[in-house]
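Novice: Return atomic coordinates for the entry below.
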Amino acid sequence: EPMERPGGAGGTSGGAGAAVLWPGRRGGSLRSGAELQRRTARPAAAMPGIDKLPIEETLEDSPQTRSLLGVFEEDAAAISNYINQLFQAMHRIYDAQNELSAATHLTSKLLKEYEKQRFPLGGDDEVMTSTLQQFAKVIDEASTCLSSCHAVLSTQLADAMMFPITQFKERDLKEILTLKEVFQIASNDHDAAITRYGRLSKRRENEKIKAEVIEDVYTSRKKQHQTMMHYFCALNTLQYKKKIALLEPLLGYMQAQISFFKMGSENLTEQLEEFLTNIGTSVQNVRREMECEVENMQQTIEDLEVASDPLYLPDPDTTKFPVHRNLTRKAGYLNARNKTGLVSSSWDRQFYFTQGGNLMSQARGDVAGGLVMDIDNCSVMAVDCEDRRYCFQITSFDGKKSSILQAESKKDYEEWICTINNISKQIYLSENPEEIAARVNQSALEAVTPSPSFQQRHESLRPALQSRPTAVRTSSTGSLGSESAALSALSLDSLVAPDTPIQFDIISPVSEDLPGQAKSAGQSGRRTNPFGESGGSKSETEDSILHQLFIVRFLGSMEVKSDESPDVVYETMRQILAARAIHNIFRMTESHLLVTCDCLKLIDPQTQVTRLRFPLPNVVLYAAHQENKRLFGFVLRTAGGRVESRQTSICYIFESNNEGEKICDSVGLAKQIALHAELDRKASEKQKEIDRVKEKQQKELNKQKQIEKDLEEQSRLIAASSRANQSSGDGQFVVLSSSQSEDSDLGEDGKKKRESEA
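Specialist: Next up is the predicted model:
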């Protein structure tokens, strides 16, 4: 029903529900009346949609919501400024009747300037603009028909015009200012509580302090949420009240003027009455819509207060709020680590969100977000940083840029890592990204179930197995010609043992399992320059022809039962990735892989210490993933432990920067170079052996010749001695050399001496 207003003299009512107060003009004014009806029929239509703040997003408190709140606050300030001017104009009408014409003219002028006002919300409201323009025109026409009934006019102006606008100015606008101050205090308290909560120590955890901080966060967050919801409700209601505050005083003003000019009722037309009736109906419609919207917002606030109570805790229970691992988009507040010096750093809390393959951040007060890094083909892993919880590190595709972020809860921490992993795989480019992400995660869950038999999963290998000699298969089972034994051997001949443990960290050098092999310089902890060393000591890889360095991240290793097919590497990749996904293991050790003709080395990128050394002859199989080119692995054949003398095969899986095939090609090239070098070495050793045999034969021949020569010389001397003895017996003398004569003289003296002694 239309609102009742005090009537004027003569018992006439000034209410909006009076359809006909005075008869309209006839005859010559009929055309102008129809024209006025056409002009005034437009405001009877429903008002356009009212802009509203989303109360549902108050708990998230994103920068977009804060920016939208700033727009509403700016609009409230603008309408407050405008209402103050309009109030002053109407107050001039009420205070001084002698200035009524000037004040009425000013009011009309302000109404005409409504379309020039820059309201952030509702600035393009054509219905409102045309209605106020029509009011301005009617006010100008009515201002020339003032009468002397000042008392009645003053009463009607006080009740119908000044009361609504004063109530809006003193109650509604001041309520907005009060709620704004309360919300600002609650927001500051919440920020301080969150900052204190983020500084909680992970190692030296004090339960009393932790409980106080969590209670402080709960109280401040609840206070901020409730205050923010009521503040949003008041701002949304203001969008309706400002229309009522503009239209209702003007409606009361016109009704007062109509009652005031009852003697001049012939100057008013039925079209104007219909226009005022339409305006009154519109005001009532806006009021009913506002009441309905306020009721809905109050119900929404109550529902959100009940549903959001567990979310006030900074780390909600994951059993009640499960982790969503299929997300390809995520947004929320994170603490970012910024280095301020060599050993010092600071943490800034900003709003982060994903946009396609980009990670964006936005601070409060910023209109839009800025790019942090491209997360296509990036890597993400959990890290321990400055004794803070829920920290993870994102490394770009080329490894040149990385960011360390801290989540507020374990749920956000795991969801951020899973979301960035999904985006890194470029799942978001597909038509149904969440469905594909769910399928990938489901495959990871199924990957840790017991594997089927060898025949079912690898039918392609059956001809190769059947082509093997029967003796080989029967010897492996220990029974000759037994069909059941052969089938049992076939079922046990799996690629990977079902209960084989998986090692996710690099613990000790591989050579420790190789008995009789001395530790190299890298295994003993010596720093190694992967590009060659200079100085007196010579590196073991210095003479190697091939030196190639790659950045890799160790995913895991496990023992395998076969090293004859690349399916071994694929199966190991599947099981290791599935185990990481199931157990939420995101940490990966980054190393430099040095490929040489002698071995493969894993080198610490910071200390240049060799972590692992794989002899190249022991690398019997290597392969890259067929779809994900960043994954590759190789099988290392080593000797067994002290108890078992059999050889074991261990498969190592790594992740690279999209260089899996390149690394495998490099390993293949190294093995080819090593093979040619080995063949050249064997040929050289064979040639040296032939040369040694020839040299030995030559020495034997020379020795034989020397013996023959000595024998000939001895024979000649014996013959000469026999001839000399024969000549001395016949009384003949033989001329000897000086040496021979001396020997003979000594012989004769000795002979004479022996004869005298006898």
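Novice: So which bits of the strand of greatest length in the chain are buried?
Specialist: Counting by DSSP state E, the longest strand found in the chain is strand 548-560. By 16 or more other CB atoms under 10 Å, the buried positions in strand 548-560 come out as 548, 550-560. Backbone N, C-alpha and C define where each C-beta goes, glycine included.
Novice: same deal with stretch 356-366?
Specialist: The neighbour-count check on stretch 356-366 (16+ other CB under 10 Å) flags 359-362 as buried.
Novice: picking up where we left off before, so can I have a markdown table of the buried residues of strand 548-560 showing distance to residue 92 and pLDDT?
Specialist: Shown next, in a markdown table, are those (distance: CB to CB, whole Å; pLDDT from 0 to 100):
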| residue | distance to residue 92 | pLDDT |
| --- | --- | --- |
| 548 | 88 | 83 |
| 550 | 83 | 88 |
| 551 | 78 | 88 |
| 552 | 82 | 91 |
| 553 | 77 | 89 |
| 554 | 82 | 91 |
| 555 | 80 | 90 |
| 556 | 83 | 91 |
| 557 | 88 | 91 |
| 558 | 89 | 90 |
| 559 | 95 | 89 |
| 560 | 94 | 90 |
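Novice: can you name the two of these that are farthest apart?
Specialist: 548 and 559 (27.8 Å; CB to CB).
Novice: give me the number of residues near residue 590?
Specialist: Using other CB atoms under 10 Å, the number of residues around residue 590 comes to 16.
Novice: just residue 296 next, same as before
Specialist: By other CB under 10 Å, 11 other residues sit near residue 296.
Novice: Look up how far residue 660 lies from it.
Specialist: Separation of residue 296 from residue 660 (CB to CB, to the nearest Å): 57 Å.
Novice: same question, residue 209
Specialist: 48 Å.
Novice: Compare these two and say which is more crowded by neighbours.
Specialist: Between residue 209 and residue 660, counted using other CB under 10 Å, the more crowded position is residue 660 (24 against 13).
Novice: Quick check, the more buried one in contact with residue 625.
Specialist: Yes: in this structure residue 660 lies within contact range of residue 625 using CB atoms under 8 Å: 6.2 Å.
Novice: Now for those two: what residues contact both?
Specialist: Counting by CB atoms under 8 Å, 6 or more residues apart in numbering, the contacts common to residue 660 and residue 625 are 631-632.
Novice: which residues touch residue 297?
Specialist: 55, 232-233, 236-237.
Novice: Sorry, slip of the keys, the one I care about is residue 214.
Specialist: Taking CB under 8 Å, 6+ apart, one finds 197, 313-314 in contact with residue 214.
Novice: Can you name the residues that contact residue 657?
Specialist: 377, 397-399, 551, 630.
Novice: now those as CSV including distance to residue 683 and secondary structure?
Specialist: Below are the contacts of residue 657 laid out as CSV (distance: CB to CB, whole Å; DSSP: H, G, I helix; E, B strand; the rest coil):
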residue, distance to residue 683, secondary structure
377, 46, coil
397, 46, coil
398, 44, coil
399, 43, coil
551, 38, strand
630, 40, coil
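Novice: Out of those, the closest to residue 564 would be?
Specialist: Checking the contacts of residue 657 against residue 564 with CB to CB, the nearest one is residue 630 at 25.1 Å.
Novice: how far is whichever strand or helix holds residue 681 from where the chain is centred?
Specialist: Element membership for residue 681, per DSSP states H and E: helix 660-729. Centroid separation between helix 660-729 and its chain, computed with CA atoms, centre = their mean, to the nearest Å, is 71 Å.
Novice: For it, which helices and strands make contact with it?
Specialist: strand 548-560, strand 589-595, strand 619-624, strand 631-639 (3 or more CB pairs under 8 Å, 6 or more residues apart in numbering; DSSP states H and E).
Novice: any chance of those strands in TSV, plus distance to residue 422?
Specialist: TSV is the format used below for the helices and strands packed on helix 660-729 (distance: least, CB to CB, whole Å):
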stretch	distance to residue 422
strand 548-560	18
strand 589-595	22
strand 619-624	22
strand 631-639	17
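Novice: Leaving out sequence neighbours, find the closest residue to residue 384.
Specialist: Sequence neighbours aside, residue 391 is the residue nearest to residue 384 in space, at 6.8 Å (criterion: CB to CB, 6 or more residues apart in numbering).
Novice: Tell me the secondary structure of the nearest residue to residue 370 once chain neighbours are set aside, please.
Specialist: Distances taken as CB to CB, 6+ apart place residue 361 nearest to residue 370, at 6.0 Å, with adjacent residues excluded. Classification of residue 361 using DSSP: H, G, I helix; E, B strand; the rest coil returns strand.
Novice: which residues touch residue 361?
Specialist: Shown in contact with residue 361 (CB under 8 Å, 6+ apart): 336, 350-353, 369-370, 372.
Novice: and if you look at residue 438?
Specialist: residue 326.
Novice: What part of this protein, helix or strand, is modelled with the least confidence?
Specialist: The weakest-scoring helix or strand in the chain, judged by mean pLDDT, DSSP states H and E, is helix 470-477 (a mean of 30).
Novice: ok so, going back, tell me which other helices or strands the longest strand of the chain touches.
Specialist: helix 567-583, strand 589-595, strand 647-656, helix 660-729.
Novice: repeat that for 7 Å
Specialist: Where contact means 3 or more CB pairs under 7 Å, 6 or more residues apart in numbering; DSSP states H and E, strand 548-560 is packed against helix 567-583, strand 589-595, strand 647-656.
Novice: What's the mean pLDDT across the helix or strand hosting residue 272?
Specialist: Using DSSP H and E, residue 272 sits in helix 270-307. For helix 270-307, mean pLDDT is 88.
Novice: On the C-terminal side of that helix, identify the next helix or strand.
Specialist: strand 331-339.
Novice: State the paired neighbours of whatever helix or strand comes next after that next one in the sheet, together with their directions.
Specialist: Downstream of strand 331-339, the first helix or strand assigned by DSSP H and E is strand 345-355. Strand pairing for strand 345-355, using DSSP bridges, gives strand 331-339 (antiparallel), strand 358-362 (antiparallel).
Novice: Including mean pLDDT and distance to residue 135, could the ones you listed go into a markdown table?
Specialist: Shown next, in a markdown table, are the strands paired with strand 345-355 (pLDDT from 0 to 100; distance: least, CB to CB, whole Å):
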| stretch | mean pLDDT | distance to residue 135 |
| --- | --- | --- |
| strand 331-339 | 91 | 46 |
| strand 358-362 | 93 | 43 |
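Novice: got these as a markdown table, with distance to residue 289 columns?
Specialist: Converted to a markdown table, those look like this (distance: least, CB to CB, whole Å):
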| stretch | distance to residue 289 |
| --- | --- |
| strand 331-339 | 32 |
| strand 358-362 | 34 |
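Novice: so which of these gets nearest residue 440?
Specialist: Nearest of the strands paired with strand 345-355 to residue 440, taken as CB to CB: strand 358-362 at 20.3 Å.
Novice: What is the distance between the closest one and the centre of its chain?
Specialist: Distance, stretch centre to chain centre, for strand 358-362: 10 Å (CA atoms, centre = their mean).
Novice: can you list the domains in the protein?
Specialist: Here the domain parsing of the chain from automatic domain parsing is 61-307, 331-447, 488-532+541-715.
Novice: out of those, nearest to residue 324?
Specialist: domain 331-447 (5.8 Å).
Novice: sorry, back to before: need the contacts of residue 297 in JSON lines (columns: distance to residue 381, secondary structure and neighbour count).
Specialist: Shown next, in JSON lines, are the contacts of residue 297 (distance: CB to CB, whole Å; DSSP: H, G, I helix; E, B strand; the rest coil; neighbours: other CB atoms under 10 Å):
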{"residue": "55", "distance to residue 381": "38", "secondary structure": "helix", "neighbour count": "21"}
{"residue": "232", "distance to residue 381": "39", "secondary structure": "helix", "neighbour count": "26"}
{"residue": "233", "distance to residue 381": "44", "secondary structure": "helix", "neighbour count": "21"}
{"residue": "236", "distance to residue 381": "44", "secondary structure": "helix", "neighbour count": "21"}
{"residue": "237", "distance to residue 381": "49", "secondary structure": "helix", "neighbour count": "20"}
